[in-house]
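Trainee: task: produce atomic coordinates for the following.
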Amino acid sequence: MTPYCSITLRTCTGLLALALAGAASAHAILVPPQAEAGSFYKAAIGITHGCGGSATREVIVTIPAGVAGAKPMPKPGWTLEVERSKLAQPRVSHGRSVTEDVTQVRWSGGTLPNAYYDEFVIVATLPDAAAPLYWKVTQICDQGRIDWTDIPADGQAASELKSPAPRLELTPASHTGHHH
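Mentor: Residues are numbered from 1 along each chain as shown. As a prediction, the model looks like this:
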């Protein structure tokens, strides 16, 4: 069990299998696909293929509104860039006033061949409200790009979308307090 996962290894493995099973329709995936609202979360954005057979050279993740304190994991062979924006409402974290936060993370300069899978990891604190949360991902390849940014309308299935954004289902929090 990792410090980011408060569920059993068997459950984590099952969630990974479910997420990868969904890879047939959604090629940028989020593992695990479910977390408690208000919790500290380790988001693994999985890239399951390149663009029409072309290798992936860049992955850009837009941090969803309400996600706080995002920190990306560096990847050997890739350059990491973090974009910050001013918050509409400052928040307090560890006794300090926070006036800006990470809004986009970019890994570039590496190579992920079409035949392989890899994950790009970010840790952050999730919003307090239980609801779906979409992580928009842009994948830039040697030839072409895919914008995994489509969000389903009410009642629409993600499988109906051409390029669905990875979805995180936020469930009601089972307890309160500091989660990381």
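
Trainee: any regions of this structure where pLDDT drops low?
Mentor: 1-26, 175-180 (pLDDT under 70).

Trainee: could you redo the last one with a cut-off of 80?
Mentor: 1-27, 175-180 (pLDDT under 80).

Trainee: ranges for the helices of it?
Mentor: Ranges of helices within the chain are 9-21, based on DSSP state H.

Trainee: quick one, strands of it?
Mentor: 28-31, 34-36, 40-47, 56-62, 68-72, 79-93, 96-112, 118-125, 132-134, 136-141, 145-148, 167-171 (DSSP state E).

Trainee: out of these, which gets nearest to residue 155?
Mentor: strand 132-134 (12.9 Å; C-beta to C-beta). C-beta coordinates here come from the backbone N, C-alpha and C atoms, glycine included.

Trainee: quick one: list the elements packing against the closest one.
Mentor: strand 167-171 (3 or more C-beta pairs under 8 Å, 6 or more residues apart in numbering; DSSP states H and E).

Trainee: thinking again about what came up before, most tightly packed of the strands of the chain?
Mentor: Each of the strands of the chain was scored by mean neighbour count; the highest is strand 28-31, a mean of 25, by mean count of other C-beta atoms under 10 Å.

Trainee: and it, what other elements does it pack with?
Mentor: helix 9-21, strand 40-47.

Trainee: what's the distance between residue 152 and residue 127?
Mentor: 19 Å (C-beta to C-beta, to the nearest Å).
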